[in-house]
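Asker: have a look; sequence and predicted model below, questions after that.
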Amino acid sequence: MTVVSELHQDHVNLIKLLDILDKKIIKLKDGGQPNFGLMADVIGYIATYAEGYHHPKEDKMFTFFKGRNGKLDGVMQECENAHANLKGYAHALLESIDGILHDAVMPMNEFIEKLEEFVRNEKNHLDFEEAKVFPVLSQVASDADWSAVEAGLPVQEDPLFGEKQAEEYKALYVELMRDINS
Ligand SMILES: [Fe+2]
Ligand SMILES: [Fe+2]
């Protein structure tokens, strides 16, 4: 798999989780109760995957192509800024949930708003990369570039990282589906 197709597959997997969260938001607006522990697990998973794996890859790739093309530079810069912002949103939301789990009081509509904002920001970023970054990259990059990018990507020190993430993803997906259908 090429770098971009791997990143694209990550996006597809993340969108599946975000779509279920969207369905959950509709249920919450309808008076349903959140399973806060599960919410924290899903948001924590998304944040850990993005910050520990997905964004570092993208950032390395962006650094490699910097200075090649003005349009590409502009959209890559937007992505780098978004990575920092998304990290902030995810951790703020996790802190809120942690507070609720420790008996802090937060009105449900406020929680729903925060969750909605998180999901929207994540989705907007994924859509932006798919629509505005990857197509320009594929115009600018040659096969030799991709080989060089791949050689320079961060090496995952834990050899079981991918496997562990895949296991966790599957377990979360099943649990979320159970929760949404209950
Ligand atoms: Fe990104
Ligand atoms: Fe991405």
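Answerer: Great, that's in hand. Ligands and ions are numbered 1, 2, ... in the order given.
Asker: contacts, neighbours, all on C-alpha from now
Answerer: Will do.
Asker: point out the other helices and strands that the strand or helix carrying V174 packs with.
Answerer: Assignment of secondary structure by DSSP states H and E places V174 within helix 161-180. Applying 3 or more Cα pairs under 8 Å, 6 or more residues apart in numbering; DSSP states H and E, we find helix 161-180 packed against helix 3-29, helix 36-49.
Asker: biggest helix in this structure by residues?
Answerer: helix 70-101 (DSSP state H).
Asker: so which bits of that helix are buried?
Answerer: Burial within helix 70-101, assessed by neighbour count using 16 or more other Cα atoms under 10 Å, is assigned to 72-73, 75-76, 79-80, 82-83, 86, 89-90, 93-94, 96-97.
Asker: which residues are in contact with the helix holding V174?
Answerer: Contacts of helix 161-180 with the rest of the structure, by Cα atoms under 8 Å, 6 or more residues apart in numbering, involve 17, 20, 23-24, 35, 38, 41-42, 45, 49.
Asker: again, 7 Å this time
Answerer: Outside helix 161-180, the residues within contact range by Cα atoms under 7 Å, 6 or more residues apart in numbering are 17, 24, 42.
Asker: same list, those residues, but as TSV with distance to Q165, pLDDT and neighbour count please.
Answerer: Output for these, formatted as TSV (distance: Cα to Cα, whole Å; pLDDT from 0 to 100; neighbours: other Cα atoms under 10 Å):
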residue	distance to Q165	pLDDT	neighbour count
L17	14	94	19
K24	23	94	24
V42	12	95	22
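Asker: out of those, who's nearest S182?
Answerer: Within the contacts of helix 161-180, the smallest distance to S182 is 11.1 Å, found for K24 (Cα to Cα).
Asker: in contact with the residue located most distally from the centre of the chain, which residues?
Answerer: For the chain, the largest distance from the centre (Cα atoms, centre = their mean) belongs to A144, which lies 28.4 Å off. Contacts of A144 were listed using Cα under 7 Å, 6+ apart, and none were found.
Asker: got the buried residues for stretch 2-20?
Answerer: 3-4, 7-8, 10-11, 14-15, 17-18, 20.
Asker: ditto for stretch 160-177
Answerer: Under the neighbour-count rule (16+ other Cα under 10 Å), stretch 160-177 has 169, 172-173, 176 buried.
Asker: gap between the two ends of stretch 138-158?
Answerer: End-to-end distance for stretch 138-158: 30 Å, by Cα to Cα, to the nearest Å.
Asker: sorry, that was for stretch 60-77
Answerer: Across its full length, stretch 60-77 reaches 12 Å between end residues, using Cα to Cα.
Asker: ok, now stretch 97-107?
Answerer: 12 Å.
Asker: and the angle from the worst-scoring helix or strand of the chain on mean pLDDT to helix 36-49?
Answerer: One helix or strand of the chain scores below all others by mean pLDDT, DSSP states H and E: helix 161-180, with a mean of 91. Direction vectors for helix 161-180 and helix 36-49, defined by axes from the mean of the first three to the mean of the last three Cα atoms, to 10 degrees, enclose an angle of 150 degrees.
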